[in-house]
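Participant: Quick one: sequence plus predicted model below, questions after.
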Amino acid sequence: MIRHVIHRRALLPLAAALAPPWTAGAVQAGGLGRIACAGSALTETVCALGQGGRLVAVDSSSGFPAAQTAALPRIGYYRALPTEGLVSLAPDLVLLSSDAGPPGVLVVLREAGLPIQVIADGVGPGAAEAKARAVAAAIGVSGETLAAAIAADWAALDAPLAALPPVRVLFVLSLARGAPLVGGRDTHADAAIAAAGGVNCAQAAWSGYRPLSAEGAAGLAPDAVLMMQQSLDEAGGPAEVAATPAIAVTPAGQAGRIIGMDGPYLLNFGPRAAHSRRDLVLRLHPGAALPPLPARPWTAG
């Protein structure tokens, strides 16, 4: 029995709490050079713009590129940010994903006098290049070259992907006591599956995340189960997930089609979005004839 629904957009609403935007001109005029980032897509974008040396702190989801982030202080998880660490670092600019929070943290940061720029956490086609332009404007550099390259890489996959038959995919966020927490519409997972030409089995059934019973899973009949690699490892690996009662009754469980991918890479729609899209397509369609994508500098860790 389904007892609750978790809506991604309702978790930490920030749209009503945005501070006046910090423009590129303000960044340059104020000499805002030391940047703290909360959100892996933003961190990756700062680095892809060649500005990784300006980072003084990142959130716990920001592990890529490791060469530029591994030694940086962590300011907590971007959806549950503490205030003390950020305030004590006194960055010149705090870049926040629009999914960051809780809202009370933003009030404290503003009262402490920290310049804050909230960047829309979009998903799907166009999202990564929009973030590139927004982050570039916030930190006072040009984002057009990066945005154009991201868009070109994404577009290169459109035609070959459209020729592939759709695969029914179930995204499992976690397995708690054997009950999969499954993503429906209005989630990053739904957008990632659609971008790879897949069909999210739960897309029409609900919004956000819900626990799924074995009966419900059998009705959704996924061909493949997709998980973040960390969650897959915590669940005991593909064989253990396939044997879970709610997965074992599905075609995916019976075929052992359990796919794990790095969470931020799969879901953050940052500068590696096209490469992630291609990798997911190949996991859903092994051997598919897809064009190679350029080995962009920002795809190297």
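Facilitator: Done, it's in.

Participant: if you skip the residues just before and after it, what's nearest to the most centrally placed residue in the chain?
Facilitator: Closest residue to the average C-alpha location of the chain: Asn268 at 1.9 Å, with C-alpha atoms, centre = their mean. Nearest non-adjacent residue to Asn268, counting by C-beta to C-beta, 6 or more residues apart in numbering: Ala41, 4.0 Å away. Glycine gets a C-beta too; all of them are placed from N, C-alpha and C.

Participant: correct me, but the one you found touches Leu266?
Facilitator: No. Counting by C-beta atoms under 8 Å, Ala41 stays clear of Leu266, with 11.7 Å between them.

Participant: quick one, which of those two is more surrounded?
Facilitator: Using other C-beta atoms under 10 Å as the criterion, Ala41 and Leu266 rank with Ala41 on top: 29 against 26.

Participant: Now do the more buried one, the pLDDT please.
Facilitator: Looking at Ala41, its pLDDT reads 98.

Participant: so it sits in a helix?
Facilitator: Yes. Assigned with DSSP: H, G, I helix; E, B strand; the rest coil, Ala41 falls within a helix.

Participant: got a list of what it touches?
Facilitator: Ala41 sits next to Ser97, Asp121, Ala128, Lys131, Pro264, Asn268, Phe269, Gly270, Pro271 when contact means C-beta atoms under 8 Å, 6 or more residues apart in numbering.

Participant: Tell me the buried residues within the residues you listed.
Facilitator: Taking 16 or more other C-beta atoms under 10 Å as the criterion, what is buried in these is Ser97, Asp121, Ala128, Lys131, Pro264, Asn268, Phe269, Gly270, Pro271.

Participant: Which residue ranges of this protein form strands?
Facilitator: 35-38, 55-58, 93-97, 116-119, 168-176, 179-183, 199-200, 209-211, 224-228, 258-261 (DSSP state E).

Participant: Deepest-packed of these, please.
Facilitator: Comparing these by mean neighbour count (mean count of other C-beta atoms under 10 Å), strand 35-38 ranks first with a mean of 30.

Participant: What is that one packed up against?
Facilitator: helix 40-48, strand 55-58, strand 93-97 (3 or more C-beta pairs under 8 Å, 6 or more residues apart in numbering; DSSP states H and E).

Participant: Please tell me I have it right and Val167 contacts His285.
Facilitator: Yes. With contact defined as C-beta under 8 Å, Val167 counts as touching His285 (7.2 Å).

Participant: the more surrounded of those two?
Facilitator: Of the pair Val167 and His285, Val167 is the one with more neighbours under other C-beta under 10 Å, namely 20 against 17.

Participant: So what sits opposite the nearest residue to Arg54 once chain neighbours are set aside in the bridge?
Facilitator: Spatial nearest neighbour of Arg54, excluding adjacent residues (C-beta to C-beta, 6+ apart): Ile35 at 4.8 Å. Legend: beta-bridge partners of Ile35 under DSSP bridges are Leu55, Leu93.

Participant: residues near Gly198, how many?
Facilitator: Neighbours of Gly198 under the rule other C-beta under 10 Å: 26.

Participant: from the chain's centre, how far out does stretch 67-81 sit?
Facilitator: 15 Å (C-alpha atoms, centre = their mean, to the nearest Å).

Participant: And stretch 166-181, by the same measure?
Facilitator: Centroid separation for stretch 166-181 versus its chain: 17 Å, with C-alpha atoms, centre = their mean.

Participant: Nearest approach to Ala179 belongs to which of the helices and strands packed on strand 35-38?
Facilitator: helix 40-48 (27.1 Å; C-beta to C-beta).

Participant: That closest one vs strand 93-97, what angle?
Facilitator: Computed by axes from the mean of the first three to the mean of the last three C-alpha atoms, to 10 degrees, the angle separating helix 40-48 from strand 93-97 equals 130 degrees.

Participant: how about helix 40-48 as CSV, C-alpha atoms only?
Facilitator: This file holds the C-alpha atoms of helix 40-48, laid out as CSV (Å, rounded to 0.1, in the frame of the first residue of the first chain):
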residue,chain,number,x,y,z
SER,A,40,27.2,19.3,-8.5
ALA,A,41,26.1,20.7,-11.8
LEU,A,42,27.2,24.2,-10.8
THR,A,43,30.6,23.0,-9.5
GLU,A,44,31.2,21.1,-12.8
THR,A,45,30.2,24.1,-14.8
VAL,A,46,32.5,26.4,-12.9
CYS,A,47,35.4,24.0,-13.7
ALA,A,48,34.3,23.6,-17.3
